[in-house]
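Trainee: structure of the sequence below:
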Amino acid sequence: MSKMKSCFVCQNCGHMASKWMGKCPDCGEWNSLVEERAPASGHPPGVSRSRGDLSPIAFHDVSSQENTRFSSGIAEFDRVLGGGIVPGSLILIGGDPGIGKSTLLLQTANLLQKQESIVLYVSGEESEKQIKMRGDRLGMQPTKLFLLTETCLERILECVDQLSPQIIILDSIQTVYSDQLPSAPGSIGQVREVATQFLFLSKHRSIPTFLIGHITKDGSIAGPKSLEHIVDTVLYFEGERYHSHRIVRTVKNRFGAANELGVFEMTNEGLIPVENPSKLFLAERPAGAAGSVVIGCVEGSRPLLVELQALVSSANYASPRRMAVGVDPNRVSLMLAMLEKRLGLHLLSNDVYVNVAGGLNVDEPSEDLGIVAAIVSSYRNLAINPNTVIFGEVGLAGEVRGVSQALLRIREATSLGFKKCLLPRNSLPSTESEIELIAVKSVQETLEVLFEN
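Mentor: Numbers count the residues shown, from 1 in each chain. Coordinates of the predicted model:
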């Protein structure tokens, strides 16, 4: 009797080794190598076993798909998908447990079946009765939505052949396994194999497929990094557990712009799209508070106005504390060093806290001028005019650099009733505006305008 072969596979990057090692030589992760049996067949993991007859096609013979998108029924979800669902696309959605991934896709399935589409909802974590309970809570009465509680890939594909659905939802990919691989569900080989088989299925039959993915403790989607390369679109759910709103952010999209953002509010009726996110983020802004400023940012193609708060206080210890939530802590450190050197403000001996109210993460350079204004406002204990919007990138020499899509930010500020807008001189639009535009070229000039009285 031949001895069963095994190998050790890194659960972080997929590196295969003949013996166990404490540290993966490829990605450097510790204690990530797990023993797995080698595949019984000669096919490597992730390779289709039924390709069919294929032949090259001339480029000019391929039909165009410019107008083949169709709506999911939820405007915010269409936005993050790039304008709608593309036939044959493979979409991966990740997020914290309980944040609303299954709820959003069940709502989407209900709306799609109303468009005379047969939807197959495959769940490896919940029973049909549990899904039915959620649907009843959402007030759903679908007629073309079919539920399947199965974790075996081959049996799922058999059900797809029998039902011939137009939409497939898989919750979640880490619970599905293939009989062709001896490893456990959720292992790196199984996740790659399942994703690849669903990729071939969606492309060959033009079936849009939604995959729900678990995330690790550091916030990335569990499984191999190649999982995000296989799929067409990667969406991340964001939002604090104790906040009512949820944010869906596009990380990768082959059919649209990345970094698009959709805002939802969690209610008893499910996830409700928020038509005006800026109004939501500014709803509880305090009036006349020092250290509070409104900044204009752009997420994908959407302009947003959010409140940025700063608090500067005397340090009680030898090493002052620096804390930033919603903005890059490294950018805050750069702005503090610039203010200390260029303007002579003694900030390095103070505790500094910076926060974006509402739980939104802002990661573009246009936040710099708002960070500077909020820190100086708190340091001097002087409030900034609440009808003012600020945006601009700041260099270490104290200069204010131009940013992109300034006109979008100005229009958003105008629609919400703001009276002034401080922006870089290089970003000043040539067209007239309904609000007062104040162009600045340095941090010194900005502070003179903000605190002239």
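Trainee: count the neighbours of Glu445 for me.
Mentor: Using other CB atoms under 10 Å, Glu445 has 17 other residues around it. The C-beta positions use only the backbone N, C-alpha and C, and glycine is treated the same way.
Trainee: repeat that for Ala75.
Mentor: Using other CB under 10 Å: Ala75 sits among 11 other residues.
Trainee: for it, phi and psi?
Mentor: Main-chain dihedrals, Ala75, degrees, to the nearest 10: phi -60, psi -40.
Trainee: check contacts around it.
Mentor: For Ala75, the contact set (CB atoms under 8 Å, 6 or more residues apart in numbering) comprises Pro273.
Trainee: who's in contact with the helix or strand where Met338 lies?
Mentor: Using DSSP states H and E, the element containing Met338 is helix 329-342. By CB under 8 Å, 6+ apart, the list of residues contacting helix 329-342 from outside reads 322-324, 345-348, 352, 354, 365, 367-368, 371-372, 375-376, 394-398, 443-444.
Trainee: can you give me the helices for the stretch 151-300 of the chain?
Mentor: Here the stretch 151-300 of the chain has its helices, by DSSP state H, counting those that start in this stretch, at 153-163, 188-205, 226-230, 277-281.
Trainee: go on, the stretch 301-450 of the chain?
Mentor: 329-342, 368-380, 406-415, 443-450.
Trainee: just to revisit the earlier point, just the buried members of the contacts of helix 329-342?
Mentor: Buried by 16 or more other CB atoms under 10 Å: 324, 345, 347, 352, 354, 365, 367-368, 371-372, 375-376, 394, 398, 443, out of the contacts of helix 329-342.
Trainee: and the strands in the stretch 51-200 of the chain, which stretches?
Mentor: For the stretch 51-200 of the chain, applying DSSP state E, counting those that start in this stretch gives strands covering 90-94, 119-123, 145-149, 167-171.
Trainee: need those strands in TSV with mean pLDDT, mean neighbour count and distance to Glu158, can you?
Mentor: Converted to TSV, these look like this (pLDDT from 0 to 100; neighbours: other CB atoms under 10 Å; distance: least, CB to CB, whole Å):
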stretch	mean pLDDT	mean neighbour count	distance to Glu158
strand 90-94	94	24	20
strand 119-123	96	24	12
strand 145-149	95	19	10
strand 167-171	95	25	13
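Trainee: so Gly84 sits against Ser71, correct?
Mentor: Yes - taking contacts as CB atoms under 8 Å, Gly84 lies within contact range of Ser71: 5.2 Å.
Trainee: hey, what's in contact with both of those two?
Mentor: Shared contacts of Gly84 and Ser71, defined by CB under 8 Å, 6+ apart, are found at Asp78.
Trainee: about what we covered before: quick one: mean pLDDT for the helix holding Met338?
Mentor: Helix 329-342 carries an average pLDDT of 94.
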